[in-house]
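this one's structure only:
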């Protein structure tokens, strides 16, 4: 190999070394950015958890009947949920105990942790479509149903996420459908088929099974006093 060839080889090796160095530096920079982004996400998530805990603690000081906080990510509904000794008191009392025709959203007083189905009730305030559970009426519309497909129940020490699978108009007099637990898969399937018979909108994306914990949000239907709006959701995390 003559000197000219040696110089060319050395030059080529230097170029390759520079390319490797640049490539390695770019990778390290991108990797550091990724690590920083993950760290920021984790910090933001932890901050969100801490803020929710603070919110729960603050609300619990106002009313020890606080059960959970119901929250849609976009603020569609964000309400404290209480559990009283009956299903009458919070129909006409605000969260702070004062009289209110709008009441407070509440879990069925008979609910037990072992129940598969949790019913949560709230007023449909006809003169204010943003108050209490009034927004649930919009989930009878396909676009709104798809837009608001998840919510959370935030407790003192944890949170649960629920995916909405159906919106229904249910007959008030149908007591057979007001079930909270089932002795067998067959019993659950019978109940679920009855539930689906009232469905106005549904999706297979969050379709529940016998093993799933479910939440049903219930409110009045402005156009028919003999029917109730049910929003059915299953626990997804």
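Thanks, I have the structure now. Quantities reported herein were computed from a predicted structural model and do not represent experimental measurements.

Now do the closest residue to residue 155 other than its chain neighbours against residue 159, distance only.
Across the structure, with C-beta to C-beta, 6 or more residues apart in numbering as the measure, the residue nearest residue 155 apart from its sequence neighbours is residue 68 (5.3 Å). Bear in mind the C-beta positions are built from the backbone N, C-alpha and C, glycine included. Distance from residue 68 to residue 159, counting by C-beta to C-beta, to the nearest Å: 9 Å.

Run through the helices of this structure in chain order.
Secondary structure of the chain (DSSP state H): helices at 3-62, 142-147, 185-196.

out of residue 68 and residue 159, which sits in the more crowded spot?
residue 68 (23 against 17; other C-beta atoms under 10 Å).

contacting residues around that one?
Counting by C-beta atoms under 8 Å, 6 or more residues apart in numbering, residue 68 touches 80, 81, 107, 153, 154, 155.

Could you list the low-confidence segments of the chain?
Low-confidence regions of the chain, defined here as pLDDT under 70, cover residues 1-53.

Scan it for its longest strand.
Ranked by residue count and defined by DSSP state E, the top strand of the chain is strand 159-171.

For that strand, list every residue counted as buried.
Counting neighbours by 16 or more other C-beta atoms under 10 Å, one finds that the buried residues in strand 159-171 are 159, 162, 163, 164, 165, 166, 167, 168, 169, 170.

Kindly report the same for stretch 221-235.
Counting neighbours by 16+ other C-beta under 10 Å, one finds that the buried residues in stretch 221-235 are 221, 227, 228, 229, 230, 231, 232, 233, 234, 235.

The first one - nearest residue in space that isn't next to it in sequence?
Here the nearest residue to residue 221 in space, its sequence neighbours aside, is residue 227; by C-beta to C-beta, 6+ apart that works out to 4.5 Å.

hmm, back to that, quick one: common contacting residues for residue 68 and residue 159?
With contacts taken as C-beta under 8 Å, 6+ apart, the residues that reach both residue 68 and residue 159 are residue 153.

Closest to the centroid, which residue in this protein?
Closest to where the C-alpha atoms of the chain average out (C-alpha atoms, centre = their mean) is residue 151, at 1.7 Å.

Spit out the contact partners of the residue nearest to that residue when sequence neighbours are not counted.
Nearest in space to residue 151, with sequence neighbours left out and distances taken as C-beta to C-beta, 6+ apart, is residue 72 at 4.8 Å. For residue 72, the contacting residues are 78, 148, 150, 151, 152, taking C-beta under 8 Å, 6+ apart as the criterion.

State the number of residues packed around the first one.
What that stands for is residue 78. Using other C-beta under 10 Å, residue 78 has 15 other residues around it.

so who does it touch?
Shown here is residue 78, whose contacts under the criterion C-beta under 8 Å, 6+ apart are 69, 70, 71, 72.
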